[in-house]
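> no sequence for this one, just the structure:
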């Protein structure tokens with residue numbers, strides 16, 4: 001899994017650093033294990049609409065509250081919920097605890113839409129799991145944008161802070 005991530009980054013000429021560590025399943029665990037790494041840290045939410053016909057990957061700054069009502073409105077959806085582990089495996093080839101934007105490599109049909117937290121993208125560098133939660137990959141924000149552009153997924157940068165409203 002992680003080798004495919006490294007290969008595409010190498011192919012695209014995107015520099016990165018890898019830090020191997022014990023498994024981290026939550027933001028709190030990650031803070032204690034690799035929170036010292038410079039750059040933005042994320043939490044990644046894999047969501048589905050009510051019908052299950054559309055899936056979304058929300059990539060947010062790790063400690064930013066994500067208001068699902070606001071996300072729902074931004075996307076024009078009547079309802080959103082967390083996608084099942086089976087849907088996560090089907091669309092991103094990942095298991096819970098290892099959700100990462102690098103899972104988009106497996107979504108060759110570009111079914112998953114991506115929402116990026118604007119505050120996260122203000123960092124010079126970003127940290128993500130390379131599709132396993134026993135390593136963290138650090139790369140420049142510009143390199144991450146180039147990776148996403150290469151994949152051709154629909155990506156929206158949004159502000160996830162503030163009140164959701166009615």
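Great, that's in hand. On a predicted model such as this, the values are computed, not experimentally measured, just so you know.
> gap between the two ends of stretch 64-73?
End-to-end span of stretch 64-73 (C-alpha to C-alpha, to the nearest Å): 18 Å.
> how about that stretch: buried residues?
66-68, 70-72 (16 or more other C-beta atoms under 10 Å). From N, CA and C alone the C-beta is placed, and that goes for glycine too.
> now, these that are in helices?
If you go by DSSP state H, these have 68, 70-72 in helices.
> of the residues you listed, closest to residue 101?
Proximity of those to residue 101 (C-beta to C-beta) peaks at residue 71, which lies at 16.2 Å.
> poorly predicted segments of the protein, please.
162-166 (pLDDT under 70).
> would you map the strands across it?
16-20, 40-49, 55-61, 80-82, 112-117, 125-128, 135-140, 155-158 (DSSP state E).
> TSV for these, including mean neighbour count?
Below are the strands of the chain laid out as TSV (neighbours: other C-beta atoms under 10 Å):
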stretch	mean neighbour count
strand 16-20	13
strand 40-49	21
strand 55-61	23
strand 80-82	15
strand 112-117	21
strand 125-128	22
strand 135-140	21
strand 155-158	14
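> who wins for proximity to residue 146 among those?
That would be strand 135-140 among the strands of the chain, by C-beta to C-beta, at 8.9 Å.
> perfect, that will be all.
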